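In: Turn this into a structure:
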Amino acid sequence: MTTTTLAVLVPLLPFLGALAGLLLGRTVPGLVRPLAVLPTLAALVIAVLVAARHGGGADIDSATELTPTGSVPVELALHIDGFAALVAVLVGVVASCVQIYSTGYLRDDPRYPSYAALVSLFTSAMLLVVYSGDLMVLLVGWEIMGICSYFLVGHYWETPEARAASLKAFLVTKLGDVPFLIGLFALAVDAGSFRITTILAKVADGGLDHPTLIALLLLAGVAGKSAQFPLHTWLPDAMAGPTPVSALIHAATMVAAGVYFVARLLPVFAASSAALVVLAVMAAVTMAGSALAALAQDDIKRVLAYSTIGQLGYLTGALAVGDRGAAVFHLLSHGAFKALLFLGAGVIIHAAGTNSLAAMSRMKGLRDRVPDAFWTMTVALLALAAIPPFSGFFSKEAVLGAAEHAATGHSETAPTAAGWIVLIAGLLTALLTAAYATRLWLLAFNGRGPEAPDHGRQPVTMTAVLWVLAVPSLAFGLTVGVLPDWFDGHSLTPTLTTSVLGTGFALVGGLVTYGAWRHTTALAARHPMGAVAADAGADGGVVEAEAIATHTPAYGDVAAAHDPADPGRLLLGPLHRHAAVGFHLDAVYTAVFVRPVQAAARLVRFLDREVVDTYVRGAGTAPRWLGAAVRRAQTGNVQTYLSALLAGTVVLAVAAVLVATAGA
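Out: Okay, here's the model as predicted:
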């Protein structure tokens, strides 16, 4: 079987599994779990085989024209390079782990059949994006992921938080998809094709007429799909969905799609220095802002959600300095340890028995009750904090090294300004990342909250997956010497300067957070009631009020504002109450966009009902009144008709006499 045929099967098998699951899930319940797990596992095995056959060698291209368009052709095309081969393996690994994990996590959920089918469809769509060699076919997978995220985030549709979160995720990403679609058409018109290879060849020849405009339009879609500032607000709220869905969205699909798209078309963005600077600024604001917000959250899943936004900022930062090898390296590394973190959080939530106990301020004694989650999440948090020798150290240092390379003027494509922006923001974020990772570890596994009910040992399907993902989280960095052959050939080995600075900042962040935790814990032990009262008076009401005003689920953030042993409050000080609600960005959007749109809608409704409908009703009423008047005249009485005729004759005679008199 040829490599091309095998590559076609990779997205096709999960799609067929999804279709069979939707058709047979309700009628044949025994097939639900096999149809969820086996096609995805088969796709993973084939993706590994495709990657092995590619071996970091020549790209694999195959295409057939779908239908004549009369202008720019649309082709069913495959384009498999080193990036695509490895990212497909990542998607297969995470999706398989999520499907296996979900068999235990949602074993009693009555909507599990539709959930499993949607996860398979989600996986198929992402694999289509990864392997696609034509932008219109890529767009199909891009949009399928959007609608799947709507249904999966809203899985618990009985709760208002899930309904609001699914709608918000759909609308915000669609807001970015509109300019993204325009940018795709503009790019195809400039290049004369939707084929990625043709477009890149055209860019290499300097054939794009509007590179800056096209790049900025495409970046809007990337910002929405990959949750980058200012279109990142949907991702924290998406935590209302099942935890395995969060792992899939954050680690290997959807949010990774935007970054992967830029990596595939990086020469298009590199053709405009202005676009790279905009991308660098977007990455810097995203990195620093999301890290500060993560330090103020109490719900464990929202901490991880803001963490994802920040780590994606590293990826877009690497792309802004022109190094897609570093970006995809961190994408692969982050996919492993972030999936582990979310699935570990799911074990914690499952152990507590309810999503409401995901607030870290309410956790106690979990270290001994969920040892699998404790040890594996410790590995993942060390990788997240970029502590050597864990995988996150190597991939994050590759990003910082690329930023330093651009900042010192050694990059052929990236502006020096972009390099400095990404480098400074990346180092600051390294400190903050270690701080919130340490805080999460301390509060989740060494917390002093009320004792949560013990729901017994977790299913093996959940805990085994954690150990599988712990392996790449620990050892994937060892591939740093091999990956350049799969990418652009640029070295990914950490440089001395950024390694020392990045690790130093991370250690400072972790140690300072630990010291703050010790201080606040001791303070709370001495004055528990006074500290709680003081904290509640400080900003608890503000956080809760804004959560209600913006229809944002608080997810335990109010509890965090009342927790006297939270080191985040001490570290952030007055900034804490603003960071806890995402720096009021939802409130700003409500004031700037939502309320004006609602006011315009009310005006349109008034004009439609009171003005347009008045004319419509009047157009029907006037003839009705005229008809009623004429109907009254038709009495059927001959004497009445003769009297009217005589009266008319008299009126005409009098009028004639008056006219004659006036003429004389």
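
In: Wait, residue 53 touches residue 3, no?
Out: Yes: counting by CB atoms under 8 Å, residue 53 sits close enough to residue 3 to count as a contact (4.9 Å). For the C-beta atoms, the positions are set from N, CA and C on the backbone; glycine is no exception.

In: which stretches of the stretch 251-400 of the chain have low pLDDT?
Out: When residues are selected by pLDDT under 70, those of the stretch 251-400 of the chain lie in 352-358.

In: Show me where it has its helices.
Out: Using DSSP state H, counting those that start in this stretch, the helices of the stretch 251-400 of the chain run over residues 255-264, 266-270, 273-296, 300-320, 324-352, 366-369, 371-384, 391-407.

In: out of these, nearest to residue 471?
Out: The closest of those to residue 471 is helix 324-352. By CB to CB, the value is 8.3 Å.

In: and the closest one, what does it pack onto?
Out: Here helix 324-352 touches helix 82-105, helix 243-251, helix 255-264, helix 300-320, helix 366-369, helix 371-384, helix 391-407, helix 460-475, going by 3 or more CB pairs under 8 Å, 6 or more residues apart in numbering; DSSP states H and E.

In: Quick one: closest of these to residue 485.
Out: Nearest to residue 485, of all those, is helix 82-105, at 7.5 Å by CB to CB.

In: Report the separation between residue 498 and residue 315.
Out: Residue 498 is 16 Å from residue 315, where distance means CB to CB, to the nearest Å.

In: if we can go back for a sec, in TSV: the helices and strands packed on helix 324-352, plus mean neighbour count.
Out: TSV is the format used below for these (neighbours: other CB atoms under 10 Å):
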stretch	mean neighbour count
helix 82-105	26
helix 243-251	29
helix 255-264	25
helix 300-320	29
helix 366-369	17
helix 371-384	23
helix 391-407	28
helix 460-475	20
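
In: Out of those helices, flag the one nearest residue 61.
Out: Judged by CB to CB, the one of the helices and strands packed on helix 324-352 that comes nearest to residue 61 is helix 82-105, at 11.0 Å.

In: After the strand or helix carrying residue 129, which helix or strand is next? Please name it.
Out: Counting by DSSP states H and E, the element that carries residue 129 is helix 112-131. Once the chain leaves helix 112-131, the next helix or strand it forms, by DSSP H and E, is helix 135-153.

In: Check the model's average confidence along the helix holding residue 129 for me.
Out: In this model, helix 112-131 has an average pLDDT of 94.

In: how far out from the middle of the chain is that helix?
Out: Here helix 112-131 is found 15 Å from its chain centre; the criterion is CA atoms, centre = their mean, to the nearest Å.

In: Equivalent analysis for stretch 579-590, please.
Out: With CA atoms, centre = their mean, you get 17 Å for stretch 579-590.

In: Return the set of buried residues in it.
Out: Buried residues in stretch 579-590, counting neighbours by 16 or more other CB atoms under 10 Å, are found at 579-583, 585-587, 589-590.

In: same check, this time on stretch 63-70
Out: residue 63.

In: Can you name the residues in contact with that stretch?
Out: Contact with stretch 63-70 is made by 73-78, 133-134, 195, as judged by CB atoms under 8 Å, 6 or more residues apart in numbering.

In: what secondary structure does residue 487 sit in?
Out: Using DSSP: H, G, I helix; E, B strand; the rest coil, the secondary structure recorded for residue 487 is coil.

In: Look up the pLDDT of it for me, please.
Out: Here the pLDDT value assigned to residue 487 is 87.

In: For it, give its distance to residue 84.
Out: In terms of CB to CB, residue 487 sits 11 Å off from residue 84.

In: And for residue 568?
Out: Computed as CB to CB, the residue 568 to residue 84 distance reads 39 Å.

In: Also residue 8?
Out: Distance, residue 8 to residue 84, using CB to CB: 13 Å.

In: Low-confidence stretches in the stretch 551-664 of the chain?
Out: For the stretch 551-664 of the chain, the stretches flagged by pLDDT under 70 are 551-564, 664.

In: quick one, helices of it?
Out: Under DSSP H, counting those that start in this stretch, the stretch 551-664 of the chain gives helices at 557-562, 567-572, 576-579, 585-589, 595-606, 613-633, 638-663.

In: which one of those lies closest to residue 301?
Out: That would be helix 557-562 among the helices of the stretch 551-664 of the chain, by CB to CB, at 11.8 Å.

In: So what touches stretch 163-174?
Out: For stretch 163-174, the external contacting residues (CB under 8 Å, 6+ apart) are 146-147, 149-151, 153-154, 157, 224-225, 231, 233-235, 237-241, 551, 553.

In: could you redo the last one with a cut-off of 6 Å?
Out: Outside stretch 163-174, the residues that touch it by CB atoms under 6 Å, 6 or more residues apart in numbering are 146, 149-150, 153-154, 157, 224-225, 231, 234, 237-238, 240, 551.

In: out of the residues you listed, which are buried?
Out: 146, 149-150, 153-154, 224-225, 231, 234, 237-238, 240.

In: follow-up on the earlier one: mind putting the contacts of stretch 163-174 in TSV, distance to residue 635 included?
Out: Formatted as TSV, the contacts of stretch 163-174 follow (distance: CB to CB, whole Å):
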residue	distance to residue 635
146	69
149	72
150	66
153	71
154	67
157	65
224	72
225	75
231	73
234	71
237	72
238	74
240	72
551	65
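
In: Pick out whichever of those sits closest to residue 280.
Out: residue 231 (17.0 Å).

In: Could you confirm that closest one falls within a helix?
Out: No: per three-state DSSP, residue 231 lies outside any helix segment and is coil.

In: Quick check: phi and psi at it.
Out: Torsion angles at residue 231 (phi, psi; degrees, to the nearest 10) stand at phi -110, psi 30.

In: Would you mind measuring from it to residue 258?
Out: Computed as CB to CB, the residue 231 to residue 258 distance reads 10 Å.

In: With residue 20 instead?
Out: Separation of residue 20 from residue 258 (CB to CB): 30 Å.

In: Same check on residue 590?
Out: Per CB to CB, residue 590 is found 25 Å from residue 258.

In: ditto for residue 327
Out: Distance, residue 327 to residue 258, using CB to CB: 11 Å.

In: And for residue 363?
Out: 33 Å.

In: got the end-to-end distance for stretch 403-419?
Out: Start-to-end span of stretch 403-419 (CA to CA, to the nearest Å) is 5 Å.

In: what's the average pLDDT for it?
Out: Averaged over stretch 403-419, pLDDT sits at 91.

In: any residues touching that stretch, and which ones?
Out: 270, 273, 276-277, 280, 320-322, 420, 422-423, 426, 498.

In: quick one: which of the residues you listed is nearest residue 468?
Out: residue 426 (29.7 Å).

In: Can you read off the pLDDT for that closest one?
Out: Looking at residue 426, its pLDDT is 96.

In: repeat for residue 169
Out: Looking at residue 169, the pLDDT reads 92.

In: Spatially nearest residue to it, not counting backbone neighbours?
Out: Ranked by CB to CB, 6 or more residues apart in numbering and with sequence neighbours excluded, the top spatial neighbour of residue 169 is residue 234, at 4.3 Å.

In: mind listing what that neighbour touches?
Out: 168-169, 172.

In: how much space is there between it and residue 253?
Out: Residue 234 is 15 Å from residue 253, where distance means CB to CB.

In: No further queries at this time; thank you.
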